[in-house]
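**Student:** Please work out how this folds:
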Amino acid sequence: MEPNSIYHLIISNKDFLKIIYGLLIGLFCFIIVLRTDKLFRLSMHQGIRYFRNAFFFYGIAFLFRAIIGGIFLIQSGEIAYFFISSFIFEFFLISAGFFLLYSLIWKTFESERVNSSLFNGKIFVFYLIALVLSGLDLTLGGYYFLFLSQVFVFTLATGISFNNLRRDQGKHGFPRFYFLAMLLSLIAWMLNAFAALYFNWSQIIILNTNLINAIIFLLFLLGVLIITKK
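**Tutor:** Model (predicted):
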């Protein structure tokens, strides 16, 4: 089958595939959360704790869009799907990105262990920013602030993870996975932004971006499985 025919087949069934895609990413996140939670309880490392939270929120975001969003899409059409699910999906997505970044910089802001990594003053700031950005995008009818915030977050995360990789000097495998995943995440968000802002939501670009996203989550899953196995 020719590539163009494959693209056409996928695009023509995109709504159904969105549900499958969301369930798959949600499954990846569920496994990552379970494994990293076990690792956190053994090590009590705060960075692992916030890393776990990031994928907990990613899992909620993608499962919500796959299950709840899919139901509304089938029953009410595109308009209802957008207004009901996009705000919640974007909130959890932005919050997850903040958690990933915070897992790299938490030592700068915390001198001692906090009782809750989901509900404390610093994390509430992330939630507030995510609510504001999601609300602005819902009001304006686009994903401009989502793209801007995530490109910013993953630019910082890529730089920090690269410095961590240099300091590690190849002693451990996870910093390598982390840097590669952060870099691919940045590329994926930039492609999403270009697809929306300059190519009028080109389905082919979005399809390729979703493939990159799946690879990113798979990389994280493999990295976590390797580290927790050791």
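**Student:** rest of the way, CA atoms for contacts and neighbours
**Tutor:** Fine.
**Student:** Pretty sure residue 114 is one of the things residue 50 touches, is it not?
**Tutor:** No. Taking CA atoms under 8 Å as the definition, residue 50 is not a contact partner of residue 114, at 11.4 Å.
**Student:** So between the two, which is more surrounded?
**Tutor:** residue 50 (25 against 11; other CA atoms under 10 Å).
**Student:** how close does that one sit to residue 102?
**Tutor:** From residue 50 over to residue 102 the distance is 7 Å, taken as CA to CA, to the nearest Å.
**Student:** And residue 186, by the same measure?
**Tutor:** 16 Å.
**Student:** can you check residue 92 too?
**Tutor:** 15 Å.
**Student:** And for residue 64?
**Tutor:** Taking CA to CA, one finds residue 64 at 24 Å from residue 102.
**Student:** pLDDT-wise, which helix or strand of the protein ranks last?
**Tutor:** Least confident helix or strand of the chain, by mean pLDDT, DSSP states H and E, is helix 69-76 with a mean of 55.
**Student:** Buried residues in the next helix or strand after that helix, which are they?
**Tutor:** Downstream of helix 69-76, the first helix or strand assigned by DSSP states H and E is helix 78-109. For helix 78-109, burial by neighbour count (16 or more other CA atoms under 10 Å) applies to 81-82, 84-104.
**Student:** Pull the contacting residues for residue 86.
**Tutor:** 65, 138 (CA atoms under 8 Å, 6 or more residues apart in numbering).
**Student:** quick one: contacts for the residue positioned nearest the centre of the chain?
**Tutor:** Centroid check for the chain by CA atoms, centre = their mean gives residue 58 as the closest residue, at 5.1 Å. Taking CA under 8 Å, 6+ apart, we find residue 58 in contact with 26, 29, 92-93, 96.
**Student:** what do you get for residue 97?
**Tutor:** Counted by CA under 8 Å, 6+ apart, residue 97 has contacts 54, 150, 153-154.
**Student:** how about a cut-off of 6 Å?
**Tutor:** Not one residue lies near residue 97 by CA atoms under 6 Å, 6 or more residues apart in numbering.
**Student:** pLDDT wise, what is it at?
**Tutor:** Among the per-residue scores, residue 97 shows a pLDDT of 94.
**Student:** Distance check, it against residue 58.
**Tutor:** Taking CA to CA, one finds residue 97 at 8 Å from residue 58.
**Student:** and what of residue 160?
**Tutor:** 21 Å.
**Student:** what's the distance between residue 63 and residue 88?
**Tutor:** Residue 63 is 11 Å from residue 88, by CA to CA.
**Student:** now swap in residue 140 and tell me
**Tutor:** 16 Å.
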